[in-house]
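A.B. asks: predicted coordinates and the sequence they were generated for:
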Amino acid sequence: MMDRLNKDNFQECARLAYALWPDTEYHELLDYFKDIIDSDNQDCFLYYEDEDSKEYIGFAQASLRFDYVEGSDSSPVVYIEGIYVDDNYRRKGIAQKLVKCVEDWGKDMGCSEIASDCELDNNLSINFHKSIGFEEANRLVCFIKRI
């Protein structure tokens, strides 16, 4: 079952996000997701199986991007900023349900395209995206040099 991000579950969303992005400080994630609650251009969806315990086991964070999105030809584009399902619950269709919520939200927000990205070596994510209908738009290597 699905919930939208709200004042009662943003801490759980931050907990899940910390599992996805462990290099980010947990308190920063708390602040970040708390701010999304009132955002017009971002939303999160949290998945749970048991109505009684309401233990959240997955989330998807989405935003509207108005700047150019690789491979798109429209604006805005709904963008999956992050998606995560607890290891013990993977391969059960939960991530696909989360993406469907993001797609529906994007349509409600006037979008006709959905986009996402992942690291070049994240084959699990690449295979997941392709399995639910995403097409690869480009591969990118980013560089930085301290000056």
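C.D. replies: The structure has been received and is ready for your questions.

A.B. asks: contacting residues around stretch 126-138?
C.D. replies: 70-72, 95-96, 99, 115-116, 118 (C-beta atoms under 8 Å, 6 or more residues apart in numbering). Where C-beta positions appear, they are placed from N, C-alpha and C, glycine not excepted.

A.B. asks: and that stretch, what's buried?
C.D. replies: 128-129, 134 (16 or more other C-beta atoms under 10 Å).

A.B. asks: now swap in stretch 88-99 and tell me
C.D. replies: Buried residues in stretch 88-99 (16+ other C-beta under 10 Å): 94-95, 97-99.

A.B. asks: between the residues you listed, which is nearest residue 5?
C.D. replies: Relative to residue 5, the closest of the buried residues of stretch 88-99 is residue 98; by C-beta to C-beta it sits at 12.2 Å.

A.B. asks: excluding chain neighbours, what is closest to that closest one?
C.D. replies: Distance criterion C-beta to C-beta, 6 or more residues apart in numbering; nearest residue to residue 98, sequence neighbours excluded, is residue 60 at 3.8 Å.
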